[in-house]
Each structure stands twice: as C-alpha cells, then as structure tokens.
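Chemist: predicted model, plus sequence, below.
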Number of protein chains: 2
Amino acid sequence: MASKIRLYVECDLGSDERVLMRREQAHYVFNVMRCKPSDTLLLFNGRDGEWQAKVVENTKSSGQLLCDHRTRSQEFPPDLWLLFAPVKGSRTDLIVEKATEMGVARIVPVRTSFTIVKRVRHARLVAHAIEAAEQCGGTFVPVIEELQSLDSVLSQWSVERNIMFCDESEANRKRSLDRMRRGPWAILIGPEGGFSESERKCIQSAFYCNTVSLGPRILRADTAVVASLTMWQKAFGDWR
Amino acid sequence: MASKIRLYVECDLGSDERVLMRREQAHYVFNVMRCKPSDTLLLFNGRDGEWQAKVVENTKSSGQLLCDHRTRSQEFPPDLWLLFAPVKGSRTDLIVEKATEMGVARIVPVRTSFTIVKRVRHARLVAHAIEAAEQCGGTFVPVIEELQSLDSVLSQWSVERNIMFCDESEANRKRSLDRMRRGPWAILIGPEGGFSESERKCIQSAFYCNTVSLGPRILRADTAVVASLTMWQKAFGDWR
C-alpha cells in the first residue's frame, strides 16, 4: 500500500550524488508527505535509472537528498510518437497523462482543420507528463513538442515512420494492426469533429499510413489515445 | 462537423410519439444550442433505437418534440460488466464515461480492502453515463448499480460469467485473452494500491477468473478501464 514517493529531477544521479530539491518538490515532500531527515524516496531523471535517496537536509522551501543505490535500471519506451489535436479544457492534460502512462517517446500536439484550440500551455503539459511518470513507476518522461500544424509535421515526415491513423469514419474497416509493418511508429488522433476530407485523403494516400478502427462508437480524444495505445502496445510494444 | 444534438429520454419512441423534455434538456436545447421550432434532433431511450424528432413547442423551461422517423435500430453492447473500485475526485465520473463509450452493459462499483472512497453519488454516475451515451452515438446507457462490497458481489457470482482480473502485480504474466473462454464476462479493476493478498488469492482461485497484464507501468484506474476494455472488445466484443 504505502508506495514510496517518486520524484523526477533534472540533475545527474549516481552513488553519493547530492540532489537539490525544487521549491514545489520540497513543499510536497516535507509539508504534504511529512518526510523527515533520513527518510528515503526514489528519484529518476530519464537517463540514469531509478535511485533510492535519503533526505539529508530540509527547510520549508528547499531540501537536499543524497543518492544511495540504484533500484532500477533505465528503461525507455518504444520508439512511438503520439500526434494529437488538442481539445478544450483539461482533456488535453489527460491526453498527456495517459500517453505517458501507456508509454510513448514523444508527444506532438498538432493543429488540424477542425482543431478549435489555438494554443497549448507547453510548460503545463510537461508538468502533467512528469507527474504521470512519477505516478506510473516509469523512469522516462516523454518529450513534448510545441503545437504545430499537421500540414507542417507531415511535410517533414520521415517515411520510415509508420502512422497509425485513428479515424472515426473508418468504424467498419477490418484492417488489423498485426499485419502491418515493423519499425518506428506514430499514432494520429484527431479533434472532436474528426478530420477534414482533404486531410483524410492526404494521410491515407501515404504508403506509411495504416488506418485502423477504434470500434463502432465515437470515442472522446482522451479515450481514443488509451485505446489506440493499448492496441499498439499489445501488437508491437512493451505489452507483448 | 455540425453533429446533431442527441438526447436520452425515458419515454417510448415511435412514429408520431410526442416527447416532453425535462427542464435541463430544454435549457440545453433552447438556451445553449439555440434550437427553434421545426429544428430537428435525435432521441434514444435504450429500447427503441434512435429517432429523429422535431421541436413543436418551446418555452424557457420546457418543450415538446414530435418523433418523425427512426434513424438507427437499437443496438446493445456485448454482455460485459465492469466491476471497479471507486477512486477519489472526478476520476470515478471518468471511469463511468469511458466504460459507456467503450461499450459495457452494466457498471458495478465495488468496495475492496484498499478502497478509500466510502460512497458514490449514484445519480451523478447515471448522469455521466447518459451524457457519454449521448456523445458517443450509442443507443444504450449501461445499468449502474449501487456501491457494494466486492466480497458480497463475489459470494453471489454466477460461475458462467468469466472475470478478467486486471492486477498490477501481474505485469509479467504472459497469459493472453485470446485463448480464454467465450461467454459472458466481467472486467475487475482495483483501486489505487491494488488488491489485498487475500482478495487476490480468492479471485485467482476461481476457475472462471483470468488474470491479465496491463503492461509494465502502473495505470491509473480510469486508464486501466479503457485499456482492459480495448483488449476485451478486440478479442470478444463489437470491435472484432
């Protein structure tokens, strides 16, 4: 039950490395979770695996930790990107959270024809990804790109990377993921209202595109992210 | 783009049936969506399929609709239940929303050893299921039961119904859903902190129980609901 506190930090981790905590981390660890000197917690930075560290100093707004030993080796998610159209309200945060839990390497918010949201708060999305990584026990935080247009992303696309195109108008398509190509992948999830006819044509005409169905009902974007990632992870990823 | 308004109603639907709107529905349709007399919308009641209806009368707090023709036949989800331990905050609402979108017949909130939440607001969960059904284009709203203890649910279990047991401590288990038994199913998702040792033993000892892995990371309950339902729908359900 009592799961250990896990924190993402940016500095290097290794035997006897000292880690200075950020103000919000110190607040969480000392004021919320009531940690005291000598208590231990877990750290990861996306490079050096997971380390157990000990509280060696704490003030109200800061603290120092000392790395003791490595508890897990560094793990990276499969070479999978998520391209998604941001949606209104906190659903975009949920999408980032879910993609991190499910295991992606990179998250790319894209503006499509029917995307209503004009901006995303990049720092906020990064914070959500970090929190999700801390929570899910992973040792990696996906890279999150700035919002860019789907057109410009596709115009620079490397053709080695397959696209799993999740299109709600394709509910009856039988094509299954399992027969498709190996290699790096990206999953593309549209906004409410789906894709425009010209987007659909452009994407589906690419030989590296694989259109798949996410069932007979229309899924919200955050549901579609988890469903598509489940299908992909089961077929190609670290759920095999 | 302009997706039609869909409303769940309780009364019968059929040619020339008149439907009286509830106050919140009238507010939504006339004040928020600005519908006028003669405008059309879609209705379903979980029994008679989906019907197109026309606004024949509107006041500020009420309205009458007249059914015109059936637009879709009644569809029922597979005979699948979701048993889940309620979690804190709005995540329980999300679980109900996602289960409805993904297609389940019945939702059973269960109290397990490590469940912290003591009560669920049943009417609120029903409202979330209705909203999700309206949104996802389904013609069915799952039945939602009152909160009950997992012990009492299992003590009355009909052994014909398989249980897909999603246990985070089983990340390395290889067993795949595809080899398992046909028939009615229930998916069981635990609370944060997972299941107690005695719950785990009790469930896994039942011959109708199938333990499955949801990958190497620990998923939040609402993520686990979508992931497990995706696996099930792909193997046995209406995503095949």
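Modeler: Perfect, thanks for sending it.
Chemist: helices and strands around the least confident helix or strand in chain A by mean pLDDT, which ones?
Modeler: Lowest on mean pLDDT, DSSP states H and E among the helices and strands of chain A sits strand A:209-212, with a mean of 90. Applying 3 or more C-beta pairs under 8 Å, 6 or more residues apart in numbering or on different chains; DSSP states H and E, one finds that strand A:209-212 makes contact with strand A:162-166. C-beta: built from backbone N, CA, C; applies to glycine.
Chemist: now check the strand it packs on, is it near chain B?
Modeler: No. In terms of C-beta under 8 Å from any C-beta of the partner chain, no part of strand A:162-166 sits within range of chain B; the closest distance is 11.8 Å.
Chemist: same check on stretch A:112-127?
Modeler: Yes. Using C-beta under 8 Å from any C-beta, we find that stretch A:112-127 touches chain B at A:Phe114.
Chemist: can I get the CA coordinates of that stretch in PDB?
Modeler: C-alpha atoms of stretch A:112-127 as PDB (Å, rounded to 0.1, in the frame of the first residue of the first chain):
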ATOM      1  CA  THR A 112      -5.800  20.200 -37.800                       C
ATOM      2  CA  SER A 113      -8.500  21.800 -39.900                       C
ATOM      3  CA  PHE A 114     -11.100  21.100 -37.200                       C
ATOM      4  CA  THR A 115      -9.000  22.000 -34.200                       C
ATOM      5  CA  ILE A 116     -10.700  24.700 -32.200                       C
ATOM      6  CA  VAL A 117      -8.000  25.100 -29.500                       C
ATOM      7  CA  LYS A 118      -5.500  27.700 -30.700                       C
ATOM      8  CA  ARG A 119      -2.800  27.400 -28.000                       C
ATOM      9  CA  VAL A 120      -1.500  24.900 -25.600                       C
ATOM     10  CA  ARG A 121       0.400  25.700 -22.400                       C
ATOM     11  CA  HIS A 122       3.600  23.800 -23.100                       C
ATOM     12  CA  ALA A 123       5.000  24.000 -19.500                       C
ATOM     13  CA  ARG A 124       1.700  22.800 -18.100                       C
ATOM     14  CA  LEU A 125       1.800  19.700 -20.400                       C
ATOM     15  CA  VAL A 126       5.300  19.000 -19.400                       C
ATOM     16  CA  ALA A 127       4.300  19.200 -15.700                       C
END
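Chemist: what's the spacing between it and its chain's center?
Modeler: Put simply, stretch A:112-127 sits 14 Å off its chain's centre (C-alpha atoms, centre = their mean, to the nearest Å).
Chemist: could I get the average pLDDT for that stretch?
Modeler: What stretch A:112-127 shows for mean pLDDT is 95.
Chemist: what sits up against that stretch?
Modeler: With C-beta atoms under 8 Å, 6 or more residues apart in numbering or on different chains as the contact definition, stretch A:112-127 has outside contacts at A:85-88, A:92-93, A:96, A:107, A:109, A:111, A:141, A:144, A:146-147, A:150, A:190-196, A:198-199, B:1.
Chemist: how close does A:Ser198 sit to A:Leu154?
Modeler: Distance, A:Ser198 to A:Leu154, using C-beta to C-beta, to the nearest Å: 12 Å.
Chemist: likewise A:Ile189?
Modeler: From A:Ile189 to A:Leu154 the distance is 15 Å (C-beta to C-beta).
Chemist: tell me the buried residues within the contacts of stretch A:112-127.
Modeler: Burial by neighbour count, judged by 16 or more other C-beta atoms under 10 Å in any protein chain shown, picks out A:85-87, A:92-93, A:96, A:107, A:109, A:111, A:141, A:144, A:147, A:150, A:190-195, A:199 from the contacts of stretch A:112-127.
Chemist: next, find the distance separating the most centrally placed residue in chain A from B:Arg220.
Modeler: What sits nearest the mean C-alpha location of chain A, by C-alpha atoms, centre = their mean, is A:Thr100, with 2.8 Å. Counting by C-beta to C-beta, the gap from A:Thr100 to B:Arg220 is 11 Å.
Chemist: what's the overlap in contacts for these two?
Modeler: With contacts defined as C-beta under 8 Å, 6+ apart, the residues shared by A:Thr100 and B:Arg220 are A:Cys136.
Chemist: tell me which parts of chain A are close to chain B?
Modeler: So chain A meets chain B at A:1, A:3, A:75, A:94, A:97-98, A:101-103, A:114, A:135-138, A:193, A:213-220, A:223, A:226-227, A:229-231, A:233-234, A:238-239 (C-beta under 8 Å from any C-beta).
Chemist: 6 Å - rerun?
Modeler: A:1, A:98, A:101, A:136-138, A:193, A:215-219, A:223, A:226-227, A:230, A:233, A:238-239 (C-beta under 6 Å from any C-beta of the partner chain).
Chemist: buried ones among the residues you listed?
Modeler: For the residues of chain A next to chain B, buried by 16+ other C-beta under 10 Å: A:98, A:101, A:136-138, A:193, A:215-219, A:223, A:226-227, A:230, A:233, A:239.
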